[in-house]
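Undergrad: here is my input; please provide its structure:
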Amino acid sequence: MTELETGSLNPEELECVFGNLPFEVTFADARGIVRFYNSPPDMVFARSKDILGRSVLECHSEKSRPEVERVLRDLESGKLDVVEFVNPVRGRVMHIRYIAARDCAGAYLGCLEVAQDITRIKTLEPGGE
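TA: Numbers count the residues shown, from 1 in each chain. Model prediction:
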């Protein structure tokens, strides 16, 4: 059982929770090394275990790396806590957020990348589908 501030989960439950989130999550530590990703159904940014232990920059195209480096610097320095944007990706509309992970004293622990396919969400009306 893993004890957390807001409850506890065993490893199987934790895998299940992360595997069923309606968005993709990747965590890179303070050195920019990928330590975790989830595998929800219908992933747009396919990942494999090969990325674990590698630089998060290696997970991005050459074209986008300078922007990713800038984002990571801004998050680590405290200039920003969140960077978000919307990009078209293979016919989908993706909302991508980079979130600084900090401990209770404010020290930078790493970066959480959350990518969500909002293509269908954009078509929803208030009150239901």
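
Undergrad: who's in contact with the helix or strand containing residue 68?
TA: For residue 68, the element it lies in under DSSP states H and E is helix 65-77. With CB atoms under 8 Å, 6 or more residues apart in numbering as the test, helix 65-77 has contacts from 28, 30, 32, 56-57, 60, 79-81, 83, 98-100, 108, 111. Backbone N, C-alpha and C define where each C-beta goes, glycine included.

Undergrad: quick one, helices of the protein?
TA: Secondary structure of the chain (DSSP state H): helices located at 11-19, 65-77.

Undergrad: and the residue lying closest to residue 103 once chain neighbours are set aside, what is it in contact with?
TA: Nearest non-adjacent residue to residue 103, counting by CB to CB, 6 or more residues apart in numbering: residue 109, 5.7 Å away. Residue 109 makes contacts with 29, 30, 101, 102, 103, as judged by CB under 8 Å, 6+ apart.

Undergrad: could you redo the last one with a cut-off of 10 Å?
TA: Residues in contact with residue 109 (CB atoms under 10 Å, 6 or more residues apart in numbering) are 27, 29, 30, 76, 100, 101, 102, 103.

Undergrad: which other helices and strands does the helix-or-strand element of the chain with minimal mean pLDDT contact?
TA: Sorting the helices and strands of the chain by mean pLDDT, DSSP states H and E puts strand 2-4 at the bottom, at a mean of 85. Counting by 3 or more CB pairs under 10 Å, 6 or more residues apart in numbering; DSSP states H and E, the packing neighbours recorded for strand 2-4 are strand 7-9, helix 11-19.
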